[in-house]
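Colleague: predicted model and sequence below, questions to follow.
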Amino acid sequence: MAAVYVLDPALAASTARCAGSAAALAGALSALRASLRVRGSDLVIMRCGAGEAGDAVAAAAAAAGAARVFAEAEPLHLWTDAAADAGARLAVDGRSLTLWDAPLHEGGMAGDSYKAHA
């Protein structure tokens with residue numbers, strides 16, 4: 001298993017308006033990396049060009065020899081578009097994308113508000 005976080009500036013810009021979001025992300029990634037290292041693994045953090053997350057995910061999967069990629073399902077349309085792009089790019093090489101979610105409460109953190117962007 002390879003744990004990878006892809007930082008796409010186009011996607012990050014959608015949350016940058018929130019005060020402290022960059023620091024919160026950096027802290028969360030640092031904590032995740034430390035937790036994985038204790039278990040003998042690590043977190044690969046990749047930066048890509050704006051709108052190139054799909055290519056970066058496909059490249060990471062190919063480099064790791066992964067047949068399946070698991071990613072968090074996000075309700076925000078920019079993120080769902082990026083996931084769809086990553087899935088399409090993975091499929092070209094015979095790889096698959098499986099989305100999972102872990103909402104913070106019943107109905108998810110955003111409730112049904114994401115449907116306005118679908």
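Modeller: Arrived safely, thanks for sending. No experiment lies behind these values; they were computed from the predicted model shown. Residues are numbered from 1 along each chain as shown.
Colleague: C-alpha from now on. contacts and neighbour counts both.
Modeller: OK.
Colleague: need the single longest helix in the protein, by residues.
Modeller: When every helix of the chain is counted residue by residue (DSSP state H), the longest turns out to be helix 21-38.
Colleague: buried set for that helix?
Modeller: The neighbour-count criterion (16 or more other Cα atoms under 10 Å) identifies 29, 33 as the buried residues of helix 21-38.
Colleague: elements contacting the helix or strand just after that helix?
Modeller: On the C-terminal side of helix 21-38, the closest following helix or strand by DSSP states H and E is strand 43-47. Strand 43-47 is packed against strand 3-7, helix 21-38, with contacts defined by 3 or more Cα pairs under 8 Å, 6 or more residues apart in numbering; DSSP states H and E.
Colleague: and of the ones you listed, who's closest to residue 82?
Modeller: Of all those, strand 3-7 sits nearest to residue 82, with 11.0 Å by Cα to Cα.
Colleague: tell me the helix or strand right after the closest one.
Modeller: Sequence order places helix 9-12 as the next helix or strand after strand 3-7, per DSSP H and E.
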